[in-house]
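J.: Sequence isn't available, so here's the structure alone:
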């Protein structure tokens, strides 16, 4: 298989942006050194990297753009640009395509993941993203909706409290930076276990990834995962399922699904997607 | 091991009580024939069985008692009594002990499970319950708090949205009708995956059971489980964990826990606790 040179950084939403009000118990990492955005900057090449913030998913793109400009400025970044793609025309404009050819990193904001796929999926902008991600040390980061859009099969919706019934989760196509995953976000706070489990029941060969807030992954070569951030990541491995009646159930019927391998991982732990291998820190490792 | 003759029926809360307003999509079973309370009545010996409704967990015991009287009346029951134990004295009174010696079934209501254990745990009432449950075809049913109190290790509390961090779940002692389980209720609607997973991380040899609303178990011989009701049951089997750092973490730190076997079961499926064996319906079985 061809080596993928780019790096994916999906984040579960609500990552620390260095504001005091973010400093709840859930953001226990030091923003400048250990925060997720600091890691995005390091993977992108450092403070002078050209990072494009893409608030396309958001209903308040201007405000979101400003928030990220402020957060990256706190990290000492000198070369941050908000690229507000609001239409497929924006995703074909010569000026924007020039920007994406020069950038070191894109950072997709939260909001509605379907807005990203509808406005960017299949455009020249998307083509360049894929091409650069495959062949260069290019970073694609995204939070919440911006993380969920990264996979081939994307969760478009599904209410968290009515889950484990056939037909709750709505699946569609993502931007396909990584085919082997299904990513869900705000996973703990919004109780999304069931909808991700149903997604895995529909696509048992895909690894289900539930990202807590202020928690993310660094994925290299489309395969090696490192967990970053202050929370936890839930992995659903459906490759060992012994029973799964999703295909034959009527809509609304409770599901049966047995032997779903579940992992709860946190900062510093790792995972290899192709081999389905967990790489955990030694029991006595300090929490960074 | 000694055969246990009694039957446990833990229920996840909000079971169908035969009122029209309960008939949402989640209560798809026919109340009189297939509902959970109808099953409680059948296991107790039929419409003439003496069933004691115990609203001790509730903060509105009189109202709760009336609701159950009405529900069991709809099922044609002729011998239902509300036994409102509000103190340890009530759980020692000659009159109440006489009642529990004659009853065929007790039905613990929802509310706060710690109220049940504080008022009944270790009393003569509790002793008689245990003795009859061990040696007679006596039914102990309970919903929500009334289900959670049935195990030896009981979840007393823990916020659903802050989970998978060491120290969120609060464990205490239940009424110990069944030692091998930890039971959580309202499992889907209140997003309690994480707190049950933490409970299993603390006690990996105990089977974690998450009951959805209007869903329950019929447990025979403290071992054979049958799933009943309109929703689903999540089982966490921690006996195959490959990593679990719960013991050494500081409070509030995100957990790592790998290879948690997870099953999603529904109406008609079964499980054997001692052998950790799932018994699912054939793929083409109709949903009752």
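T.: Now that the structure is in, tell me what you want to look at. From a predicted model like this one, the values you see are computed outputs, not experimental measurements. Residues are numbered from 1 along each chain as shown, chains lettered A, B, ... in the order given.

J.: Hmm, residue A:126 is touching residue A:174, no?
T.: No. Counting by C-beta atoms under 8 Å, residue A:126 sits too far from residue A:174 to count as a contact (10.8 Å). For every residue, glycine as well, the C-beta is placed using N, CA and C.

J.: Of those two, which one has the most company?
T.: Shown here are residue A:126 and residue A:174; by other C-beta atoms under 10 Å in any protein chain shown, residue A:174 has more neighbours (25 against 20).

J.: any idea how far residue B:42 is from the closest residue to chain B within the stretch 151-288 of chain A?
T.: With C-beta to the nearest C-beta as the measure, residue A:191 is the residue of the stretch 151-288 of chain A nearest to chain B, at 2.4 Å. In this view, residue A:191 and residue B:42 are 34 Å apart by C-beta to C-beta, to the nearest Å.

J.: Ok, residue A:32 next?
T.: 65 Å.

J.: before we move on, the earlier item: looking at residue A:191 and residue B:42, which one has more neighbours?
T.: residue A:191 (23 against 14).

J.: Phi first, then psi, for that one.
T.: The phi and psi values for residue A:191, taken as degrees, to the nearest 10, are phi 60, psi 50.

J.: Could I get the pLDDT score of it?
T.: If you check residue A:191, the pLDDT there is 79.

J.: my guess is it contacts residue B:186, does it?
T.: No. Taking contacts as C-beta under 8 Å, residue A:191 lies outside contact range of residue B:186: 11.2 Å.

J.: Find residues that contact each of the two.
T.: Both residue A:191 and residue B:186 lack any common contact, where contact means C-beta atoms under 8 Å, 6 or more residues apart in numbering or on different chains.

J.: residue contacts, residue A:185?
T.: A:10-13, A:110, A:143-145, A:147-148, A:192, A:211, A:213.

J.: ok, how many other residues are close to the closest residue to residue A:8 other than its chain neighbours?
T.: Excluding its sequence neighbours, the residue lying closest to residue A:8 (C-beta to C-beta, 6 or more residues apart in numbering or on different chains) is residue A:219, at 4.2 Å. Here the number of neighbours of residue A:219 (other C-beta under 10 Å) works out to 25.

J.: Touching, residue A:278 and residue A:263? I think so.
T.: Yes. Counting by C-beta under 8 Å, residue A:278 touches residue A:263, with 5.6 Å between them.

J.: the more surrounded of those two?
T.: When residue A:278 is set against residue A:263 and neighbours are counted by other C-beta under 10 Å, the residue ahead is residue A:263, at 24 against 20.

J.: quick one: that one is in a helix?
T.: No. Residue A:263 is assigned strand when assessed by DSSP: H, G, I helix; E, B strand; the rest coil, not a helix.

J.: any idea how far it is from residue A:234?
T.: In terms of C-beta to C-beta, residue A:263 sits 7 Å off from residue A:234.

J.: what residues are up against residue A:36?
T.: Counted by C-beta under 8 Å, 6+ apart, residue A:36 has contacts A:9, A:11, A:15, A:16, A:214, A:215, A:216, A:228, A:229.

J.: change it to 7 Å
T.: Contact analysis of residue A:36 by C-beta atoms under 7 Å, 6 or more residues apart in numbering or on different chains lists A:11, A:15, A:16, A:214, A:216, A:228, A:229.

J.: can you tell me which of these are in strands?
T.: Taking DSSP state E, the ones among those that sit in strands are A:11, A:216, A:228, A:229.

J.: Which residue ranges of the stretch 51-200 of chain A form helices?
T.: Along the stretch 51-200 of chain A, the segments classed as helices by DSSP state H, counting those that start in this stretch run A:61-74, A:94-102, A:113-120, A:124-135, A:145-148, A:193-202.

J.: Turn those into TSV, columns for distance to residue B:238.
T.: Below are these laid out as TSV (distance: least, C-beta to C-beta, whole Å):
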stretch	distance to residue B:238
helix A:61-74	39
helix A:94-102	47
helix A:113-120	33
helix A:124-135	38
helix A:145-148	29
helix A:193-202	16
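
J.: near chain B, which residues of chain A?
T.: Contact residues (C-beta under 7 Å from any C-beta of the partner chain) of chain A with chain B: A:25, A:160-161, A:163-164, A:188-189, A:191, A:193-194, A:197, A:231-232, A:243, A:245, A:248, A:252-267, A:269, A:278, A:280, A:283, A:287.
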